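K.L.:
prediction below, plus the sequence it came from.
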Amino acid sequence: MSRVLLVNMPFSSLRWPALGISLLQAELKREGIDCDLAYFNFDLAEIIGLEAYEWINDSLGFVLGGERLFAKTRFGSSLSSDLEYDTEVLLATDPEFSPEDRQVFDNVGKQLEAFLDSCLRKIDWSRYALVGFTTTFQQTMASLALASRIKQHHPRITICLGGANCEGVMGRTLLDRFPQIDLVFSGEADDTFPLCVKELFAGRPIPRCSGILARAERFHETPAGEVACGPVRDLDRLPYPEFGDYFERLGQSPLSDQIDPLLLFESARGCWWGAKTQCTFCGLNGGSIVYRSKSALRVIDELGHLRRSHGVRRACATDNILDFRYFRSLLPLLDEPEIRHKLDEWVDASLMVCIDGAYLSLALA
């Protein structure tokens with residue numbers, strides 16, 4: 001089957017869709033390629049409970065506690081002891097980490113093998129020629145663990161990895177160290193991923209361009225010629241993200257009445273400040289720090305489309321920093337009656353902008 005499955009693993013928030021794979025699904029749809037999204041983060045939350053899931057996702061996110069848990073399913077006793085981990089990591093960063101917290105942590109860890117097995121049973125893998133995992137923050141070890149099981153039971157499936165945790169040398173190292181991964185997409189994959197999928201499904205060689213890392217023993221062909229691929233320059237040409245699979249999964253979840261969803265949107269990529277003087281502590285952007293932003297009308301159109309499609313009235317931007325030109329374009333437009341009508345009659349709009357935190361949030365009640 002020439003069909004793609006893109007997977008969102010724990011630990012990632014249940015409150016919003018995965019924007020990256022939602023954009024890639026829309027890109028593949030443009031090319032006439034069928035693509036589904038699997039939100040397995042919901043499956044784990046339903047097994048261990050929302051409180052425990054959010055504790056690990058939020059409170060332990062800064063020490064990558066979720067990575068530690070899933071690493072034990074892959075590396076077992078070769079990891080440092082729990083006592084060492086508690087002393088050197090958890091207690092060093094949170095002196096209030098208690099024996100009760102450790103018990104919750106251990107109980108979650110005991111259920112991960114069953115969770116991974118249930119993921120394997122839940123999907124009809126024979127429908128898919130390619131399975132991709134997105135990994136940001138605490139998703140790498142969970143993705144590798146499930147990828148290993150898929151490759152063991154369905155070796156014909158091409159498995160790829162992408163997302164922020166695959167930028168640069170991180171992506172190369174993941175490909176080198178984990179044989180269950182066939183392809184890694186480093187950096188922005190809006191162009192490279194659809195191009196690669198099209199060539200694979202047509203039986204042609206993997207494109208040779210920056211951002212596509214391929215396992216040599218799996219892909220023996222010598223790519224013919226260099227293809228220019230890099231960060232997307234014109235963000236207006238991107239499709240609207242496809243959030244349907246997320247809202248369908250949310251509606252099916254017994255946790256749905258406890259989750260207040262947000263729409264995600266991006267109006268810009270990169271950082272105009274960092275392009276001039278990058279902050280020494282910055283871990284964002286990688287090789288695509290060059291700043292690009294969408295036109296004001298494109299942002300308005302996208303928000304209106306997402307609002308009408310999913311009925312959610314609150315949206316949060318994923319931008320690193322606000323485009324100052326929006327003070328003269330986008331922000332004044334949000335107060336114009338015809339634009340409010342375009343946004344499907346969002347009334348009493350309150351706009352919160354935090355430039356220092358690079359955060360744009362819309363609360364449209």
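P.N.:
Great, that's in hand. Numbering: from 1, shown residues only.

K.L.:
all the strands of the stretch 101-250 of the chain, residue numbers only.
P.N.:
Secondary structure of the stretch 101-250 of the chain (DSSP state E, counting those that start in this stretch): strands at 130-134, 158-162, 183-185, 212-214.

K.L.:
G163 touches G20, doesn't it?
P.N.:
Yes - at 6.0 Å, G163 and G20 qualify as touching, with contact defined as CB atoms under 8 Å. For the C-beta atoms, the positions are set from N, CA and C on the backbone; glycine is no exception.

K.L.:
find the residues that touch each one of these two.
P.N.:
When contacts are counted by CB atoms under 8 Å, 6 or more residues apart in numbering, G163 and G20 have T134, T136 as shared neighbours.

K.L.:
picking up where we left off before, could you tell me the least trusted of the strands of the stretch 101-250 of the chain?
P.N.:
Of all the strands of the stretch 101-250 of the chain, mean pLDDT reaches its minimum on strand 212-214 (a mean of 92).

K.L.:
mind giving me the packing neighbours of that one?
P.N.:
Strand 212-214 sits against helix 169-177, strand 183-185, with contacts defined as 3 or more CB pairs under 8 Å, 6 or more residues apart in numbering; DSSP states H and E.

K.L.:
tell me the strands beside that strand, with direction?
P.N.:
strand 183-185 (antiparallel) (DSSP bridges).

K.L.:
residues contacting the strand it pairs with, please?
P.N.:
For strand 183-185, the external contacting residues (CB under 8 Å, 6+ apart) are 158-162, 166, 171-172, 174-175, 192-193, 196, 206, 211-215.

K.L.:
now, of these, which are buried?
P.N.:
Neighbour-count burial (16 or more other CB atoms under 10 Å) applied to the contacts of strand 183-185 gives 158-162, 166, 171, 174-175, 192-193, 196, 206, 211-215.

K.L.:
CSV for the strands of the stretch 101-250 of the chain, including distance to E84?
P.N.:
Below are the strands of the stretch 101-250 of the chain laid out as CSV (distance: least, CB to CB, whole Å):
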stretch, distance to E84
strand 130-134, 29
strand 158-162, 29
strand 183-185, 31
strand 212-214, 33
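
K.L.:
name the next helix or strand following the host helix or strand of L83 along the chain.
P.N.:
Using DSSP states H and E, L83 falls within helix 82-85. Moving toward the C-terminus from helix 82-85, the next helix or strand (DSSP H and E) is helix 91-93.

K.L.:
how far off centre is that next one?
P.N.:
The chain centroid and the centroid of helix 91-93 are separated by 28 Å under CA atoms, centre = their mean, to the nearest Å.

K.L.:
what does stretch 326-346 give?
P.N.:
So, by CA atoms, centre = their mean, the centroid of stretch 326-346 is 29 Å from its chain's centroid.

K.L.:
go on, stretch 249-266?
P.N.:
16 Å.

K.L.:
which residues are contacting that stretch?
P.N.:
Under CB under 8 Å, 6+ apart, the answer for stretch 249-266 is 14-17, 19, 39, 42, 45-46, 50, 235, 241, 243, 247, 294, 299, 302-303, 306-307, 310, 312, 314-319.

K.L.:
let's see that with 6 Å instead.
P.N.:
Residues outside stretch 249-266 that contact it (CB atoms under 6 Å, 6 or more residues apart in numbering): 14-16, 19, 39, 42, 50, 302, 306, 312, 314-318.

K.L.:
neighbour-wise, which of the residues you listed leads?
P.N.:
Counting neighbours by other CB atoms under 10 Å, L14 leads the contacts of stretch 249-266 with 25 neighbours.

K.L.:
export stretch 255-274 as CSV, just CAs?
P.N.:
C-alpha atoms of stretch 255-274 as CSV (Å, rounded to 0.1, in the frame of the first residue of the first chain):
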residue,chain,number,x,y,z
LEU,A,255,-10.4,11.9,29.1
SER,A,256,-12.0,14.3,26.7
ASP,A,257,-14.2,16.1,29.3
GLN,A,258,-11.0,16.9,31.3
ILE,A,259,-9.1,18.4,28.3
ASP,A,260,-9.7,21.9,27.1
PRO,A,261,-8.1,21.9,23.6
LEU,A,262,-6.3,24.8,21.9
LEU,A,263,-5.7,25.4,18.2
LEU,A,264,-2.1,25.8,17.2
PHE,A,265,-0.9,28.0,14.4
GLU,A,266,2.3,29.5,13.2
SER,A,267,2.7,32.9,11.8
ALA,A,268,6.5,32.9,11.6
ARG,A,269,9.6,30.7,11.8
GLY,A,270,13.1,31.6,12.9
CYS,A,271,14.2,34.6,15.0
TRP,A,272,14.8,38.1,13.7
TRP,A,273,16.8,38.9,16.8
GLY,A,274,18.9,35.7,16.7
